[in-house]
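Enquirer: just a sequence and a predicted model for now, questions to come.
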Amino acid sequence: SAGNEGPGISTTGIPASARRIITVGAMLPRGIGRDSYGAALDRDVLWDFSSRGGEVDKPDVVAPGTAISTVPTFEHDARASGTSMASPWAAGVVSVILSALKQEDSLWVPTQGLMRRALRQSAVPLPGILPVEQGAGVIDVRRALALLRRWRASGFAADVQEYVVRTFSPNYPDKSGPVAFFRTPFTPGSDWRQTFTITRDEPRWQTRETEFFRAFTLQPNVPWMKTVQKTIYLRNSGVAEVDVQYDREQLRQPGIYTGRVVARRASAKGKSADEDVEFELVSTIIVPYSFSPEKDFTATTPPQQIEAGLTRRFYFAPPAGAMAMTFTLSTPKGGRTPVSGWVMDRNGYNAGYLSRAKGTDRAEASTTIEASALGDGVIEVVVQADPMEGAGEPVEFTLAASCMMLTVKPEVFAEQGKRFLQLQVMNTGEKPMEGSFQYTVKGYGRVHRRTMEGDTLTMPLTIWKGDGALWVTPKFTPEGYMKSTDILARIVD
């Protein structure tokens, strides 16, 4: 199961992000959407909750993410939706394929890696949905079975290899990851070389002395990527390198760009089949909208059109000194399909929601979110045309983001036995601002630092007169936390 943390990118976590497993996202088939949820859909779409990729090349595939139970029902309903419904569907597909192959030859069983590769290379992409959202697309059991049969007959399955790919990836703590993922205001260009390293993922039982040599041809699948090398080779336990360059001129428009360099076996016998993929080098580059004083720290998208059930993604790089951001969705009057959305921080966490706008009701809706909730880095705004309400027609909209250019620094000081709160307010923009500030002091805090001697730490706590509530947050050093398997915090009256 890919997880249910969508719709933002960077939301596939552990264990779904593990390289070797088959990770499955959740789609909403139009028939299930219509019959079970009353959704006005004319195509299969991705469930909004389905976790997306970003720092990892996940999910691998998607499958129907809704199940209808007869006896017994689920906890509250006969229907349930989630990637936990899509994953068993995919497991059933694998079982069907294994059963068919066993009837043809009871001794041959494809490896986990080969099965994952077959599901990916035979999947059918959903139109209008990015690869970073759906992976290779919808599982197709007939195509997957036919591909495995061909691979077995051609010999591709007999000596299939698994590989480990590493490259510079800024969002990782050690700046190294399996894909190149840039979610920064910086856009790499031709002066930037993105180096990928490729090694064999050798089984533990296989000795280092095993002879291996293979040459690969390299083919980018998007025009804004090119490789310095055209052919590379890998010998035994060695390391192969591929240098990728990006064309910044083709990455000028704000948005998300995903491309891959596909490696296939090089052979004197001719070109390998498109499905005979050895490994892929994935790059995702996000180009955000920027803000400037000349535009009054406001960015507005061009008019957009989106079909019911689909999403559109926008990225913004808030300037230093912004106290809050206001997002405004506008749709023409008379439109019968509502639009709404989510605002996600740089790690894929939901920082807030975009209010609903509908042409027959409220054609413009605004939402203001504090900079402290948005965090640092490039933020993502996901807009969806709601298929659960309205006529299911395509809808037009524009999205505007404006920054409140203020910084406020509170300072508490004591004077003559009294404590005072002083605010330093700075206009970080270039235009005069008028207004007032209202602050409410909601509480106070204390930090107690203690060293645990043994397995138990006990300390007194007091709720004073006038206190409405007491919040206790135990925190540990990383070293101390890793010494425990379970931690119990107990408050006793």
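Expert: Thanks, I have it.
Enquirer: now do the helices in this structure.
Expert: Remark: helices assigned in the chain by DSSP state H are 30-37, 83-104, 112-122, 131-134, 141-154, 371-374, 478-481.
Enquirer: tell me the average confidence for the third one?
Expert: Looking at helix 112-122 alone, the average pLDDT works out to 96.
Enquirer: just to revisit the earlier point, using a markdown table, lay out the helices of the chain together with mean neighbour count and distance to Tyr289.
Expert: No exception for glycine: its C-beta is placed from N, CA and C like everyone else's. Formatted as a markdown table, the helices of the chain follow (neighbours: other CB atoms under 10 Å; distance: least, CB to CB, whole Å):
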| stretch | mean neighbour count | distance to Tyr289 |
| --- | --- | --- |
| helix 30-37 | 16 | 32 |
| helix 83-104 | 16 | 31 |
| helix 112-122 | 20 | 33 |
| helix 131-134 | 22 | 19 |
| helix 141-154 | 17 | 39 |
| helix 371-374 | 16 | 14 |
| helix 478-481 | 9 | 36 |
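Enquirer: between these, which one is closest to Gln253.
Expert: The closest of those to Gln253 is helix 131-134. By CB to CB, the value is 17.0 Å.
Enquirer: show me what that closest one is packed against.
Expert: Judged by 3 or more CB pairs under 8 Å, 6 or more residues apart in numbering; DSSP states H and E, helix 131-134 is in contact with strand 24-28, strand 255-265.
Enquirer: so Gly177 touches Arg166, yeah?
Expert: Yes: under the criterion of CB atoms under 8 Å, Gly177 makes contact with Arg166 at 7.2 Å.
Enquirer: thinking again about what came up before, would TSV of the helices of the chain with distance to Thr337 be doable?
Expert: What follows is the helices of the chain, written out as TSV (distance: least, CB to CB, whole Å):
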stretch	distance to Thr337
helix 30-37	14
helix 83-104	26
helix 112-122	33
helix 131-134	21
helix 141-154	33
helix 371-374	28
helix 478-481	48
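Enquirer: Pro220 is nearest to which of the ones you listed?
Expert: helix 131-134 (13.9 Å).
Enquirer: just checking, Ala63 touches Ala91?
Expert: No: in this structure, Ala63 is not within contact of Ala91 by CB under 8 Å, at 9.5 Å.
Enquirer: and Gly177 and Arg166? Which one has more around it.
Expert: Per other CB atoms under 10 Å, whichever of Gly177 and Arg166 has more neighbours is Gly177, with 20 against 15.
Enquirer: most remote residue from the protein's center?
Expert: The centre of the chain is farthest from one residue, Gln416, which by CA atoms, centre = their mean lies 53.8 Å away.
Enquirer: and that one, its phi and psi?
Expert: Backbone torsions of Gln416, given as degrees, to the nearest 10, read phi 50, psi 40.
Enquirer: about what we covered before: among the helices of the chain, which is nearest Lys333?
Expert: Of all these, helix 30-37 sits nearest to Lys333, with 27.4 Å by CB to CB.
Enquirer: and that closest one, C-alpha only, in CSV?
Expert: Taking C-alpha atoms only, helix 30-37 is exported to CSV below (Å, rounded to 0.1, in the frame of the first residue of the first chain):
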residue,chain,number,x,y,z
ARG,A,30,-15.5,5.6,-13.1
GLY,A,31,-18.0,2.8,-12.6
ILE,A,32,-17.2,2.4,-8.8
GLY,A,33,-17.2,6.2,-8.5
ARG,A,34,-20.6,6.5,-10.2
ASP,A,35,-22.3,3.6,-8.5
SER,A,36,-20.8,3.7,-5.0
TYR,A,37,-20.2,7.4,-4.5
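Enquirer: check which helices and strands that helix sits against.
Expert: Right, helix 30-37 is packed against strand 66-68 by 3+ CB pairs under 8 Å, 6+ apart.
Enquirer: show me what counts as buried in the strand it packs on.
Expert: Neighbour-count burial for strand 66-68 flags Thr66, Ala67 (criterion: 16 or more other CB atoms under 10 Å).
Enquirer: surely Arg183 meets Gly8?
Expert: No: if you go by CB under 8 Å, Arg183 and Gly8 don't touch, sitting 11.2 Å apart.
Enquirer: that older thread, and the helices and strands packed on helix 131-134, which is most packed in?
Expert: strand 24-28 (a mean of 29; mean count of other CB atoms under 10 Å).
Enquirer: strand partners (parallel or antiparallel) of that strand?
Expert: Note on strand 24-28: by DSSP bridges, its sheet partners are strand 45-46 (antiparallel), strand 61-64 (parallel).
Enquirer: hmm, back to that, can you tell which of the helices of the chain is closest to Ser283?
Expert: Using CB to CB, the nearest of these to Ser283 is helix 131-134, at 10.9 Å.
Enquirer: so how far is that closest one off the chain centroid?
Expert: The chain centroid and the centroid of helix 131-134 are separated by 9 Å under CA atoms, centre = their mean, to the nearest Å.
Enquirer: before we move on, what about stretch 456-463?
Expert: 41 Å.
Enquirer: could you dump it to CSV, C-alpha only?
Expert: The C-alpha trace of stretch 456-463 is given here as CSV (Å, rounded to 0.1, in the frame of the first residue of the first chain):
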residue,chain,number,x,y,z
THR,A,456,12.2,5.4,35.4
LEU,A,457,12.1,9.2,35.9
THR,A,458,9.6,10.8,38.3
MET,A,459,9.0,14.5,38.7
PRO,A,460,6.2,16.6,40.3
LEU,A,461,3.9,18.8,38.2
THR,A,462,1.5,21.5,39.4
ILE,A,463,-1.6,23.0,37.9
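Enquirer: this completes my enquiry, with thanks.
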